[in-house]
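> Kindly generate the corresponding structure for this input.
(chains A, B, C and D)
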Number of protein chains: 2
Amino acid sequence: MSTPRRQASRSRSIERFHHLAIRMLRGLRAVDEAAGFAGPRASALSVLVFRGPQSLGELAAAEGVKPPTMSRLVKAMRDEGLVASEAFEPDQRQVRIAASAKGRDLMMKGRVRRLAALARLFAGATPAEMRSLAAVVSLLERSLARGG
Amino acid sequence: MSTPRRQASRSRSIERFHHLAIRMLRGLRAVDEAAGFAGPRASALSVLVFRGPQSLGELAAAEGVKPPTMSRLVKAMRDEGLVASEAFEPDQRQVRIAASAKGRDLMMKGRVRRLAALARLFAGATPAEMRSLAAVVSLLERSLARGG
DNA sequence: GTATTTAGTTAGCATTGCTAACTGTTAGCC
DNA sequence: GGCTAACAGTTAGCAATGCTAACTAAATAC
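Sure thing, here's the model as predicted:
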């Protein structure tokens, strides 16, 4: 059922896919950087817009950084008017962080830019290739949900 | 030929794919970091191993950083015994940088770890899904070759 | 009502990116 | 040959982002 030849073919595809995913995301980061809105700021802001207001700890966990790192990042974003933060009433220790209108706007524009770049990338895909893409998406969704 | 419904479906798949690619690579980076070998060092070393010895400028260009950044990175890697560098005979201005045995070894081990993590991720893929993956790989290869 | 735990901040360090300014080498041009 | 321009790297200094350790203030436990 699972011949050596088939295994080797799997490895090649996976390895190639790995490499291409890196290149694709690198290209997208370049798009972000050209527009001057990349990195941790863009990422944190998109969490705030899509998941709604969060405590600092939640935001840090969502972004995979430690609280001090997020604390400084939030301070910088507040100074730039991208987010607002206020004490959380029920628990005065917590800080509630929310994207501002300016932050939301910036984030949405960045998102549009990124998606446009992606659409250009996939512009030449045939219908069959799009079906393959959908199959890979559901495979990855299943796998990543399992493993993290 | 290209109905609004089909367009919307394309966008959804692409967007979902984008998100999943980010998550996949984030997970892989976590694997690297757990092993204490991640980031620019790992990346530069893999260029040196796979493309062979390079000048500092070539390496900087391959990694998409400016020469001063690569200069410092090479110095750090040399201090750790991961690379060796020597003047390039035909042009004394250039520095020839090569991975050391230790560097190659470290890189190969990291690569094995990453590929093992990827193999686990794709372990549950059906043969049909693997065919879809291969189709997506060739699509991406075509697209990225075109656009960068 | 004190002690512990929890949430966030501050301080200080390492890494990685940059630009500007410098050194040394090669190439171009009379 | 010798001056000049271009090129390859390095050094210095700044900004952003990651960390740990140590602190403050609030909530909870007992």
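> pLDDT weak spots in chain A?
A:1-2, A:6, A:148 (pLDDT under 70).
> ok, and the closest non-adjacent residue to the most centrally placed residue in it?
With distances taken as Cα atoms, centre = their mean, the residue of chain A nearest its centroid is A:Ser43 (5.9 Å). Distances taken as Cβ to Cβ, 6 or more residues apart in numbering or on different chains place A:Glu63 nearest to A:Ser43, at 6.1 Å, with adjacent residues excluded. Bear in mind the C-beta positions are built from the backbone N, C-alpha and C, glycine included.
> Tell me who's in contact with that neighbour.
Contact analysis of A:Glu63 by Cβ atoms under 8 Å, 6 or more residues apart in numbering or on different chains lists A:Pro40, A:Ser43, A:Ala44, A:Val47, A:Met70.
> Show me what the lengthiest helix in chain A is packed against.
If you go by DSSP state H, chain A has its longest helix at helix A:4-34. Counting contacts by 3 or more Cβ pairs under 8 Å, 6 or more residues apart in numbering or on different chains; DSSP states H and E, helix A:4-34 packs against helix A:101-121, helix B:4-34, helix B:101-121, helix B:127-147.
> DNA strand C: which of the ones you listed is closest?
Set against DNA strand C and scored by Cβ to the nearest atom of the strand, the helices and strands packed on helix A:4-34 come closest in helix B:4-34, at 11.0 Å.
> close to DNA strand C, is that closest one?
No: Helix B:4-34 lies apart from DNA strand C when judged by Cβ under 7 Å from any atom of the strand; the minimum separation is 11.0 Å.
> relative orientation of that helix and helix B:101-121 in degrees?
Interaxial angle of helix B:4-34 relative to helix B:101-121 (axes from the mean of the first three to the mean of the last three Cα atoms, to 10 degrees): 140 degrees.
> Report whether the helix or strand just after helix B:4-34 contacts DNA strand D.
Sequence-wise, the next helix or strand downstream of helix B:4-34 (DSSP states H and E) is helix B:39-51. No: remark: helix B:39-51 sits outside contact range of DNA strand D, by Cβ under 7 Å from any atom of the strand, the gap being at least 10.4 Å.
> what residues does stretch A:138-148 touch?
B:16-17, B:20, B:23-24, B:27, B:120-125, B:129, B:132-133.
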